[in-house]
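Enquirer: Got a predicted structure plus its sequence, pasted below:
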Amino acid sequence: MSFAKKALDIFEKSIQNYHINNQLDEKIKNPFDKDSLESTLYQKNWIDTVQWHLEDEIRVPSISAEKGMDFKRKIDRSNQDRTDLVEQIDDYFLEKYNSVQVKENARLNTESPAWALDRLSILSLKIYHMAEECNDENSSNEHKARCTAKLAVLQEQAADLTQSIDDLLQEIESGKVVMKVYRQMKMYNDPSLNPKLKAE
């Protein structure tokens with residue numbers, strides 16, 4: 001099994017496990033060894049899945065200002081945790097490909113392997129929830145037909161992205177692509193960089 005397909009399977013397992021109880025405060029029960037890449041990928045998607053539902057909650061028109069702000073702060077923390085885990089995954093690839101002899105004409109990629117995996121994680125959530133819409137007995141046939149068409153596009157995207165991630169990893173391993181990472185350096189969560197937090 002290819003690396004990206006294995007990652008997709010892990011994301012799907014995380015999504016399925018979260019939706020057993022479908023609770024925002026559900027504690028993660030990571031089935032993989034703590035220090036493994038698989039564990040990090042599972043944790044990454046779990047964060048994405050919880051945040052998906054936080055994003056739903058915050059858009060409820062009748063939400064109180066207090067509850068909305070609470071959700072907003074949870075989303076901010078979640079985004080930081082998500083970024084930290086993506087960079088941790090890239091650290092794995094940096095170490096793995098550290099000794100690769102880069103070819104003279106090697107190119108740079110627009111994103112690192114971990115940020116491509118981040119997109120695959122979000123895409124797996126879109127597929128899960130679009131499939132739910134396709135099978136919603138309370139929805140009209142027209143709605144289900146529209147969602148079925150969208151689901152087909154999402155599944156095609158997932159197949160293409162999975163292949164692209166595997167191709168990228170092969171090109172890095174062969175020295176055709178430079179394994180280079182730029183840190184996100186998010187400023188809004190950093191008390192030393194956000195002017196509003198500095199003023200507190």
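Expert: Perfect, thanks for sending it.
Enquirer: helices and strands of this protein: which one bottoms out on pLDDT?
Expert: None of the helices or strands of the chain scores lower by mean pLDDT, DSSP states H and E than helix 195-198, at a mean of 62.
Enquirer: got the residue ranges for the strands in this structure?
Expert: Assigned by DSSP state E, the chain shows no strands.
Enquirer: Please state the offset of stretch 173-180 from the chain centre?
Expert: Centroid separation for stretch 173-180 versus its chain: 23 Å, with C-alpha atoms, centre = their mean, to the nearest Å.
Enquirer: Pull up the gap between the residue lying closest to residue 155 once chain neighbours are set aside and residue 72, please.
Expert: Once flanking residues are discounted, residue 155 sits nearest to residue 127: 6.3 Å by C-beta to C-beta, 6 or more residues apart in numbering. Where you see a C-beta, it was placed from the backbone N, CA and C, and this is true even at glycine. According to C-beta to C-beta, to the nearest Å, residue 127 and residue 72 sit 27 Å apart.
Enquirer: cool, and residue 109?
Expert: Going from residue 109 to residue 72 by C-beta to C-beta gives 33 Å.
Enquirer: Residue 93: how many residues sit nearby?
Expert: 20 (other C-beta atoms under 10 Å).
Enquirer: got the contact list for it?
Expert: Listed by C-beta atoms under 8 Å, 6 or more residues apart in numbering, the contact set of residue 93 reads 112, 113, 114, 169, 172, 179.
Enquirer: and if we set it to 7 Å?
Expert: Applying C-beta atoms under 7 Å, 6 or more residues apart in numbering to residue 93 gives the contacts 113, 114, 179.
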